[in-house]
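> sequence plus predicted model, see below.
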Amino acid sequence: VPSLSPFPFPFSPSMVATWMDGEKASGLGSNSSKGGLSLDVPMALRVFSVDYYHVQAPFEIVLWIMLASLAKLGFHWSGRLPAVVPESCLLIMVGLLVGGVIYGVRHSAPPTLSADAFFLFLLPPIVLDAGYFLPGKLFFENLGTILWYAVLGTLWNVLGIGVCLYGVCLLASGSLGDVSLLHCLLFSSLIAAVDPVAVLSVFQEIHVNEQLHILVFGESLLNDAVTVVLYKLFESFLRLPVVTGVDVLLGGCRVLGVGLGGLGVGLFFGLVAALTSRFTSRAQVIAPLFVFLYSYLSYLTSEMLHLSGIMAIVTCAVTMKQYVEANLSERSNTSIQYFLKMWSSVSETLIFIFLGVSTIQDVHMWSWAFVCSTLLLCLLWRATGVILLTAVVNKVRRNVVTFRDQFIIAYGGLRGAICFSLVFLIDDFPKKRLFITTTIVVILFTVFVQGMTIKPLVELLEVKRRKRNLPTVSEEIHSRLLDHLLAGIEDVVGYWGQHYWKDKFEQFNQRYLCRFLIREERQARSSIVRVYQELERRDERADEEHITHVDVRCQTRPHLLEEMDSIRRILTRNLHSFNNKQIPAYSRHTLHGTPAAEGRKPLRRHQSLGGKHSPWSQVTPTVHSITHSSIQPYS
Amino acid sequence: MGSRASTLLREEEIEEIKKETGFSHSQITRLYSRFTSLDKGENGTLSREDFQRIPELAINPLGDRIINAFFPEGLDREDQVNFRGFMRTLAHFRPIEDNEKNKDPTASEPLNSRTNKLLFAFRLYDLDRDDKISRDELLQVLRMMVGVNISDEQLGSIADRTIQEADQNGDNSISFNEFIKVLEKVDVEQKMSIRFLH
């Protein structure tokens, strides 16, 4: 019986290949009825045997994923911890633990992450998840600001950090002399990839205001794309013998072309996916599969053409989402959402485990100057970048980006999986180890220190700003009236006051695309379903909440302080939020806002939707009754 | 759709609307195309059903009242509003521009002044147009905004508190001036302005 091997880290394609070969070999061997590796004739019939090598690769992969998932379970059961510590911290700690175990057992460096494994298998689920859950309408309304922060902000960070690091290297030319400018730029391009979404999970208790949410979300998505493109650009520069001005210019054109090309590929696949989903009514079980296949295909196609795969997959997801959701059944939609979350979660977990594993090695290169200056520069450039960009963008926005928002965006710039993976893929050169060490330090610092302190700091900020008086009850009520009024007028006018092109696109969408891409009987669905879902969501919230009891006796006596408080609490909880302005933040690890599937509650429908005479009459809903109601959607 | 719509709207009309409301030429043409797209009957006027067809307005708690605000006095169900009336209502939501503040003080106040904006909001409460928000009118609007989870007594106490904070002459209702006073700290100009595209 072969002895159990100590834990080698399984995840590399070569291991999988050897496993496959091993199976073939044992199949061909003569006495392999029990699957043993030895080919000599067994002495007796074996009743019980253990054959670890046979299942080694998948077994270990599953064990790692199981370990990380169990750790997550424990994390969420541990009381106050999820509100204080971002989930990334937990994943890194699991990785460190695993790394310790491996190191302790094997005393040598574990296998490293290969470029293919990362770019082809680990990155797409994460990006697809982010793209699919992007709130489309909000995203496009704030697109200018998001692009501003993502593209310009990333460029600012990359160039700033790169040049300053080069300066540091020149100053410390004793130890760092052989790090060229291009290397510094390459390094800064990968270290600038921030993941502010990771920090939003800490804000679950305070619902993040929607503007901050979409800015952070959009920025994290787009700056991943920008980072990868810049990284590849600098890498190709490094491979050239000499870099001239023409090369830089060509590089700039290439960045643009790569981005737009990725966009085009994504659009194409998104539309084809939407069209395919139109015909899936007879084979509903495989319908979710199309979503994943087409997205992944768009990613692979653009990678094949050396275009930006991230842009492609995001565009594909955003394009096909509204048509697919209209065409597919509720269950298919739910499956898609759950699978996306699951895969992106697993992917991120694996990357962080790698991170932990790689941290515990003895081949690190350390340089105080480099590491400390990188940390400092990262913070500094991000802060200045955000402040400058916001100062400019606030002049054109209606809803200004407040100081609290700016602080969260700047301080919440945690580094994550992408930085780590990209640093491993640099072509080998003498100081590569230094880069890896620095990256790991930066990631650990940002995730642990920044991630855990951001919430207390924000609360400190808010405490300082809450010196002014709480609004009176009248002010709250009348303000809320004004908000509803404004929302209503904006709906009458037909746009939110900012986007002519969005208006035009909506018309085009309704007139041509929806006719073509959405199934016949579901076509009225898209705008009505929104109304229906909104009503259902409101009723759910109403049902879930408990009424606080206010003791009211005589109506003319002056109201006591506790009554004021309870009145205020009632108001904040019950005043209808207009147009869903407060939403739970996007999180890679949980799904929010899924309507209760079991047992439809009776739905109150407004009279204009074809109900009875009183404004809010009780009607038991089915989707059909809404679809066939007399209202014609505005088209 | 833009050019076809502007030929149906005569230049003189555009000029008049411009003078009355302060919108620019392109804003008026753009809003006209919106008007015609809402007008299903294609008779140049909008009825209440045309407004009710807007889905988001149907789920707005104050939807009915907002629609009401477009129609001149009277709750006659056969009411129609033409484009002039439509623009007049929307003019309340134009942002206040700085250069307008120093205009001729003898000219009548522009539709989008702070006072007129507040008057518009006041009229949402005051259905019977007696220039007072009574306790009942307040309760009606509160009930619309708050939903069904709050009992009548609780709502009543909230309404009482609201009136108490505003009422200065002791008539247990809120007059327009009292309304203005209560909202003096709120940035009404910003809350009631839409940036119409040029």
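Thanks, I have it. For clarity, every value in this text was computed on a predicted model and none was experimentally measured.

> just the pLDDT for the residue of chain B most remote from its centre.
Relative to the mean C-alpha coordinate of chain B, counting by CA atoms, centre = their mean, the farthest residue is B:Glu153 (30.1 Å). With respect to pLDDT, B:Glu153 scores 85.

> residue ranges with poor pLDDT in the chain?
Defaulting to chain A. Within chain A, the segments meeting pLDDT under 70 span A:1-42, A:106-115, A:196-210, A:362-363, A:398-399, A:463-471, A:495-504, A:520-635.

> was after chain B, sorry
Checking chain B against pLDDT under 70 turns up B:1-8, B:73-78, B:98-108, B:147, B:196-198.

> which residues in it form helices?
For chain B, the helices defined by DSSP state H occupy B:2-8, B:11-21, B:25-38, B:48-52, B:55-59, B:63-70, B:83-91, B:114-125, B:135-146, B:152-166, B:176-182, B:188-191.

> out of those helices, nearest to A:Gly266?
With CB to CB, the closest approach to A:Gly266 among the helices of chain B belongs to helix B:55-59: 29.1 Å. Placement of C-beta: from N, CA and C, glycine included.

> can the closest one be found next to chain A?
Yes. If you take CB under 8 Å from any CB of the partner chain as the test, helix B:55-59 does meet chain A, through B:55-59.

> now A:Phe237. Nearest residue, chain neighbours left out?
Counting by CB to CB, 6 or more residues apart in numbering or on different chains, A:Val243 is the residue found nearest to A:Phe237 once chain neighbours are left out, at 5.3 Å.

> from chain A, how far out is the residue farthest from the centre of chain B?
5 Å (CB to the nearest CB, to the nearest Å).

> including distance to A:Val194, could the helices of chain B go into CSV?
As requested, the helices of chain B are arranged in CSV below (distance: least, CB to CB, whole Å):
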stretch, distance to A:Val194
helix B:2-8, 42
helix B:11-21, 46
helix B:25-38, 39
helix B:48-52, 45
helix B:55-59, 35
helix B:63-70, 42
helix B:83-91, 42
helix B:114-125, 42
helix B:135-146, 40
helix B:152-166, 45
helix B:176-182, 44
helix B:188-191, 32
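
> and those: which comes nearest A:Phe435?
Nearest to A:Phe435, of the helices of chain B and by CB to CB, is helix B:188-191 at 48.6 Å.

> quick one: buried residues of that closest one?
By neighbour count on 16 or more other CB atoms under 10 Å in any protein chain shown, the buried set for helix B:188-191 is B:188, B:191.

> any idea how far it is from the chain center?
13 Å (CA atoms, centre = their mean, to the nearest Å).

> what is that helix packed up against?
In terms of contacts (3 or more CB pairs under 8 Å, 6 or more residues apart in numbering or on different chains; DSSP states H and E), helix B:188-191 is packed against helix A:473-493, helix B:114-125.

> wait, which of those is closest to A:Lys395?
helix A:473-493 (21.6 Å).

> re the thing from before, could you export the residues of helix B:55-59 next to chain A as TSV, including neighbour count?
As requested, these are exported to TSV (neighbours: other CB atoms under 10 Å in any protein chain shown):
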residue	neighbour count
B:Pro55	20
B:Glu56	19
B:Leu57	23
B:Ala58	22
B:Ile59	21
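
> just checking, B:Val81 touches B:Ala69?
No. In this structure B:Val81 lies outside contact range of B:Ala69 using CB atoms under 8 Å: 10.3 Å.

> and the helices and strands packed on helix B:188-191: which comes nearest A:Ala326?
Comparing the helices and strands packed on helix B:188-191 by CB to CB, helix A:473-493 comes nearest, at 21.1 Å.

> quick check: angle from that closest one to helix B:83-91?
Put simply, helix A:473-493 runs at 140 degrees to helix B:83-91, going by axes from the mean of the first three to the mean of the last three CA atoms, to 10 degrees.

> list the contacts for A:Leu123?
For A:Leu123, the contact set (CB atoms under 8 Å, 6 or more residues apart in numbering or on different chains) comprises A:309-310, A:347, A:418, A:421.

> follow-up on the earlier one: now do the shared contacts for B:Val81 and B:Ala69.
With CB under 8 Å, 6+ apart as the test, B:Val81 and B:Ala69 both reach B:Thr89.

> re earlier: just confirm the residue nearest to A:Phe237 is within a helix.
No. Per DSSP: H, G, I helix; E, B strand; the rest coil, A:Val243 lies outside any helix segment and is coil.

> burial of it, as a residue count?
For A:Val243, the neighbour count with other CB atoms under 10 Å in any protein chain shown is 15.

> for it, grab phi and psi.
Main-chain torsions, A:Val243, degrees, to the nearest 10: phi -110, psi 120.

> separation between the residue most central in space within chain B and B:His92?
Nearest to the mean C-alpha position of chain B, by CA atoms, centre = their mean, lies B:Phe120 at 4.9 Å. Distance from B:Phe120 to B:His92, counting by CB to CB, to the nearest Å: 5 Å.

> overlap in contacts, these two.
Common neighbours of B:Phe120 and B:His92 (CB under 8 Å, 6+ apart) are B:Met192.

> how many neighbours does residue 46 have?
You didn't pick a chain, so chain A it is. A:Arg46, neighbours per other CB under 10 Å, totals 12.

> sorry, should have said chain B
25.

> could you do A:Ser173 as well?
The number of residues packed near A:Ser173 is 11, by other CB under 10 Å.
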